[in-house]
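[1] quick check, what structure comes out for this input:
(chains A and B)
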Amino acid sequence: MRPFDYLEPETLDEALVRLADDPDDAVVMAGGTSLVILMKQDLIRPARVIGLRRIGELRAIGTAEGNLSLGALATHGALARSQPVRAHAAALASTFAAVATVRIREQATLGGNLAHADPAQDPPVTLLALDGVAVARSRFGERRIPLDALFADLFETSLEPGEILLRVELPPLPAGARATYQKFLPRTLDDYATVSVAAVVATDASGVCTHARIALGGAGPVPLRAREAERSLVGHRLEDAAIRGAAALAAAATDPIADLRGSAAYKRAMAGVWTERALREVA
Amino acid sequence: MSAHRIRFTLNGAAVDTTVPAERLLVDLLRYDLGKTGTKDGCSIGVCGLCTVQIDGMPFSSCLLFATQVNGTAVRTVEGLSSLLQEAFTLEGGFQCGICTSGQLVAADALLRAKPDATDAEIADWQMGNLCRCTGYYGIARAIARARDAR
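    Model (predicted):
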């Protein structure tokens, strides 16, 4: 590993100033689970690492102005155990509990997870389906970024140099909304998903769908929303034909990358199967 | 390149030392502090050999810079009581032994966090500690035995 200078600012403002000093050759470290591996493997060679661990305000989980606010330094373990997270959507808490192993969940953070932009990660999928909005700040101000605009490409985000992710905000769900996260794990339980699906639906008193969100992980270079599939459900009862039709549209929306977890065609087929299962779970 | 003074407790004893920024916790423990019970296996946080406790919870010491434990309480296999060790012996919870210290540290963390851990919780917490010898049944029995003996 290339030697580097380590800074551990006490405040967010100090961290932003330090990052602005050297935006091209400094990296921000939250938990470090992904960053340390990238540095060990010489995939990145920063001159400066800015550790955020002393900035306690970034760990906060709570409600603000009706939104659920998840601090970027909150660990997966803390989020999985959080009562406000469970109250918002039990599927969100179980999504954080489905990540890797207890060791990783205690170290890895929400902000690190999102900034790493690994398309096979779990939390981005459920957060997309819950209409999550990332909030980032630089020395020049704060910016709100809907999550589907945050993920730009494989391991790339739309964060600007000098920006630090502060939190993710989730708006209230429609009354009676039901959510699920389904992770297809044909190998081992601590693996990355081959594909994963989050679905959120709400129906009116007569059973007609009024709100639908379908998001997929492992199904393309970025976690993605299956918008056509969502639109096909709204205005219809969540019956067999509608569910199968939406699953087919979701599969068609994928652009999977072939890897050791399967060919692109296999992952696309599995995206359809698991979308169907997710929708049956919440229908 | 930068040097950092860090202070933490290791198995209850105070440590006050200076490390370069890039020093990994696993290397600090093994090479600087002589705690070789902590092994370095896969080096990417998957295998569990390097498991240590930080403030009671399990972590991969291969994925942490030493600076990240400043101000915490670290526990390694050398700091555990013999209860789990005896249970692993009685239940055949090891064979070649390479994973054993990580298994013990992870199991001890579980029984601290959840003294009444269910068998499913035992399986969940041991999931990231790989063993190629035992098939895991002996390990799970040993942890359940230690749980029941408390």
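
[2] how about chain B: which residue is closest to chain A?
    residue B:128 (2.8 Å; C-beta to the nearest C-beta). Quick note: C-beta positions are derived from backbone N, CA and C, even for glycine.

[3] with adjacent residues omitted, what lies nearest to that residue?
    Spatial nearest neighbour of residue B:128, excluding adjacent residues (C-beta to C-beta, 6 or more residues apart in numbering or on different chains): residue A:101 at 2.8 Å.

[4] got the contact list for that neighbour?
    Under the criterion of C-beta atoms under 8 Å, 6 or more residues apart in numbering or on different chains, the neighbours of residue A:101 are A:190, B:48, B:127-128.

[5] helices of chain B, residue ranges please.
    B:25-27, B:83-91, B:100-113, B:119-126, B:137-149 (DSSP state H).

[6] secondary structure element for the nearest residue to residue A:154 once chain neighbours are set aside?
    Spatial nearest neighbour of residue A:154, chain neighbours left out: residue A:221 (4.2 Å); criterion: C-beta to C-beta, 6+ apart. Residue A:221 belongs to no helix or strand when assigned by DSSP states H and E.

[7] so residue A:221 touches residue A:153, yeah?
    Yes: Residue A:221 lies in contact with residue A:153 (C-beta atoms under 8 Å); the separation is 5.5 Å.

[8] who's more crowded, those two?
    When residue A:221 and residue A:153 are compared for neighbours, residue A:221 comes out ahead with 16 against 12, by other C-beta atoms under 10 Å in any protein chain shown.

[9] on that earlier part again, give me the pLDDT value at the residue of chain B closest to chain A.
    Predicted confidence (pLDDT) for residue B:128: 92.

[10] got the contact list for it?
    Contacts of residue B:128 (C-beta under 8 Å, 6+ apart): A:100-104, A:190, B:46-48, B:106.

[11] again, 10 Å this time
    A:100-105, A:188-190, B:45-48, B:51, B:58, B:60, B:102, B:106 (C-beta atoms under 10 Å, 6 or more residues apart in numbering or on different chains).

[12] how is chain B carved up into domains?
    Annotated domains of chain B cover B:3-77, B:80-149 [automatic domain parsing].

[13] how about the helices in the stretch 151-283 of chain A?
    Taking DSSP state H, counting those that start in this stretch as the test, the helices found in the stretch 151-283 of chain A are A:227-233, A:240-252, A:264-282.

[14] among the ones you listed, which is nearest chain B?
    helix A:264-282 (20.9 Å).

[15] got a markdown table for the domains of chain B, with distance to residue A:90 too?
    Output for these, formatted as a markdown table (distance: least, C-beta to C-beta, whole Å):
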| stretch | distance to residue A:90 |
| --- | --- |
| domain B:3-77 | 23 |
| domain B:80-149 | 17 |
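
[16] look at residue A:100 and say how many residues are nearby.
    Around residue A:100 there are 21 residues (other C-beta under 10 Å).

[17] and what of residue B:93?
    Neighbourhood size, residue B:93 [other C-beta under 10 Å]: 27.

[18] does it really touch residue B:122, like I thought?
    No: applying C-beta atoms under 10 Å as the test, residue B:93 and residue B:122 come out as separate, 11.7 Å apart.

[19] who touches both of these two?
    B:107, B:136, B:139-143.

[20] verify the stated contact: residue B:122 with residue B:113.
    No: Residue B:122 is beyond contact range of residue B:113, at 11.8 Å (criterion: C-beta under 10 Å).

[21] looking at those two, which is more packed in?
    Legend: neighbour count by other C-beta under 10 Å for residue B:122 and residue B:113, higher for residue B:122 (22 against 15).

[22] just the ones of the contacts of residue B:128 in strands?
    B:51, B:58, B:60 (DSSP state E).

[23] hmm, back to that, got the helices of the stretch 151-283 of chain A as a markdown table, with mean neighbour count, distance to chain B and mean pLDDT columns?
    Converted to a markdown table, these look like this (neighbours: other C-beta atoms under 10 Å in any protein chain shown; distance: least, C-beta to the nearest C-beta, whole Å; pLDDT from 0 to 100):
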| stretch | mean neighbour count | distance to chain B | mean pLDDT |
| --- | --- | --- | --- |
| helix A:227-233 | 20 | 32 | 98 |
| helix A:240-252 | 19 | 29 | 98 |
| helix A:264-282 | 21 | 21 | 98 |
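
[24] got the confidence number for whichever residue of the stretch 151-283 of chain A sits closest to chain B?
    Residue of the stretch 151-283 of chain A nearest chain B, by C-beta to the nearest C-beta: residue A:190 (5.1 Å). pLDDT recorded at residue A:190 is 88.

[25] burial check on it, number of neighbours?
    For residue A:190, the count of nearby residues is 19 (other C-beta under 10 Å).

[26] please look at it and residue B:123 and confirm they touch.
    No: counting by C-beta under 10 Å, residue A:190 stays clear of residue B:123, with 11.4 Å between them.
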